[in-house]
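Student: what follows is a predicted protein model with its sequence.
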Amino acid sequence: MTKEERIYLFPLWLRIWHGINALGILILIITGISMQYSTAGFVILDFKTTIKLHNIAGIIVSIIYLMFFVGNIVSSNGFFYHFRIKGTSNRMLKQVKYYLCCFFKIEKPPYPVSEKRKFNPLQKFSYIGVMYFIVPFVIASGMALLFPEIIIEEIYSVSGIMLTAVLHGIAGFIIFIFLIVHIYIASIGESPMKNFKSMITGWH
Amino acid sequence: MLAQTRGILLLTLFLFAQFPLRSQITPEENNTCLKCHSAHSYSIYNEWTEQDQKRLMNPYYILDTMLLKAGVHHTFKCIDCHAYDYSTYPHNGDLKLEPMMTCIDCHGGDETYASYQFERIEEEFQKSIHFEKHSETFTCTKCHSQHYYKPTTRTSTNINEIVEFSNNMCLSCHNSNIDYQLISEETSPKLIEVHSWLPNQNLHFQRVRCIECHTEVHDTLLVSHHILPKAQATKNCIECHSTNSKLQASLYKYRNLVARSEDNNIISNEYYVIGAYRNKTLNYILLLILAGTLSGIIFHIACRTFRKK
């Protein structure tokens, strides 16, 4: 791709948000796993430090989520998240087929990146799911666990705190899986590092 | 026939008169004591002024008759435990210094309450910091009110109630500027400051018994009485926040409680402790998804390598 064909896809505010968010999410995943799976004989990270780190990272990620949310309303970036329900499954299947088969035959992607299309159908679906459903849920449940006195004591004889914590953990896990796939898919561009560089320079 | 029925009725009445349902009866003699000791004032004839006087009762000597009736010792006469000389009024001032009965005085070798392990409790208590600092003067009654005592830890099915009941015993001195002076030279216990290192302090105070961290826990004794010196208290979060949680060895795992729980899973029912609660099935599902994702990626990488060739 020549320099003239490059598209400025990631505005500065988005790159700043993405960088802080990425770091925050990484800390949250590592500390979350440490809190849940440490034992007396096998301490992954010091418990007290872990809690502090998890709380601080959680608050930062929550605050900058607002930046993402508002940014998408006031800037044109929100346009990339608009979704047309009709034909969605077909479009997504086409993309899945590309990743599983056509990609290896060195065929052109069915939905190449353009100024009007930052995400392919599969990306759009997963980004909307994660950024507008899972992340808000993880933030809400995390805030509730930060102030456990606001959680309902019991829901059908199951502790409200326990239920919140388990759902928070499951949502965190989904984000972890998303992160793994997200990083991997980012590496299958024209060259493995190309997309990572784009996320720093803003140019695709 | 009529005589026969009358005979049976009389016999029944006779039997009830001889063996009343002891647990339902508070001895009438106690009413004489409670007349003054459940009221805020009492009357006395002052021999110096030769007048009847009404005086205020020392608040520490006022009993709550409702709590007294609900307590396990309500069938006893006051003078079963207090000196017989209290039956004369006005009481002799020296009686205030009489040594009070301790649990072991009645319950030592008591087969009826063998499961309470009073002797073991006594042994444990004698190793405790309370005994070390105050020896025999630190009597059972400092924590357990014999007047109102109820075996809440054994009978309650609500962990929150057990925690509150247990902690109130500690807090009666350790969160009271007045009573604390009975056991310490300092005037204030500084409970909040001392525990400032503890994250979510309020939640810990509400949900966890003080003795969980401040005693040496044995899972064969319902309530550990070996209260440790401050420096030896648990300060390691992981001891509770892990699958082999210390909590499970004490309050939550104790067979008495477990047996009362319908599905034998008290922790998941009422309590959530970070790290101590892990659902095996959920863990397997998550691990499977993670393994599936990673395998998919590895497979994809392999295919990419193949493509390049």
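Tutor: Okay, I see it. Quick caveat, the model's predicted, so the values are computed rather than measured.

Student: and chain B, is the lowest-mean-pLDDT helix or strand in chain A touching that?
Tutor: Sorting the helices and strands of chain A by mean pLDDT, DSSP states H and E puts strand A:158-159 at the bottom, at a mean of 70. Yes: residues of strand A:158-159 contacting chain B under Cβ under 8 Å from any Cβ of the partner chain: A:158, A:159. For the C-beta atoms, the positions are set from N, CA and C on the backbone; glycine is no exception.

Student: what mean pLDDT does the helix or strand following that strand have?
Tutor: Sequence order places helix A:160-186 as the next helix or strand after strand A:158-159, per DSSP states H and E. Confidence for helix A:160-186, expressed as mean pLDDT, is 91.

Student: and the helix or strand immediately after helix A:160-186 in the chain, how far from the chain's centre?
Tutor: Next helix or strand after helix A:160-186 toward the C-terminus (DSSP H and E): helix A:194-201. Distance of helix A:194-201 from its chain centroid, counting by Cα atoms, centre = their mean, to the nearest Å, is 17 Å.

Student: okay, buried residues for helix A:194-201 please.
Tutor: Going by neighbour count (16 or more other Cβ atoms under 10 Å in any protein chain shown), the buried part of helix A:194-201 is A:195, A:198, A:199.

Student: just checking, the last one touches residue A:17?
Tutor: Translated: residue A:199. No: if you go by Cβ atoms under 8 Å, residue A:199 and residue A:17 don't touch, sitting 11.1 Å apart.

Student: overlap of the contact sets of these two?
Tutor: Counting by Cβ atoms under 8 Å, 6 or more residues apart in numbering or on different chains, no residue touches both residue A:199 and residue A:17.

Student: these two touch, right, residue B:133 and residue B:142?
Tutor: No: contact criterion Cβ under 8 Å: residue B:133 and residue B:142 do not qualify, at 11.6 Å.

Student: these two: which has the busier surroundings?
Tutor: More neighbours surround residue B:142 than the other of residue B:133 and residue B:142, with 16 against 12 (other Cβ atoms under 10 Å in any protein chain shown).

Student: so the more buried one touches residue B:170, yeah?
Tutor: No: using Cβ under 8 Å as the test, residue B:142 is too far from residue B:170 to be in contact (10.6 Å).

Student: what residues are up against residue B:103?
Tutor: Contact partners of residue B:103, counting by Cβ under 8 Å, 6+ apart, are B:118, B:121, B:122, B:140, B:144, B:146.

Student: closest one of the residues you listed to residue A:189?
Tutor: Looking at these and their distance to residue A:189, the nearest is residue B:121, at 70.6 Å (Cβ to Cβ).

Student: the residue in the stretch 51-200 of chain B that chain A sits nearest to: neighbouring residues, count only.
Tutor: Residue nearest to chain A within the stretch 51-200 of chain B: residue B:199 (5.5 Å; Cβ to the nearest Cβ). Around residue B:199 there are 12 other residues, counting by other Cβ under 10 Å.

Student: any idea how far residue B:235 is from it?
Tutor: Separation of residue B:199 from residue B:235 (Cβ to Cβ, to the nearest Å): 12 Å.

Student: near chain B, which residues of chain A? Just list them.
Tutor: By Cβ under 8 Å from any Cβ, the residues of chain A that approach chain B are A:35-40, A:43, A:47-48, A:51-52, A:99, A:103-104, A:106, A:148-149, A:154, A:157-159, A:161-162, A:165-166, A:170, A:173, A:176-177, A:180-181, A:184, A:188.

Student: mark which of those residues are buried, thanks.
Tutor: Buried among those by 16+ other Cβ under 10 Å: A:35-36, A:38, A:47, A:51, A:99, A:103, A:148, A:159, A:161-162, A:165-166, A:170, A:173, A:176-177, A:180, A:184.

Student: counting neighbours, which bits of stretch B:200-212 end up buried?
Tutor: Per 16+ other Cβ under 10 Å, stretch B:200-212 contains these buried residues: B:200, B:205, B:207, B:208, B:209, B:210, B:211, B:212.
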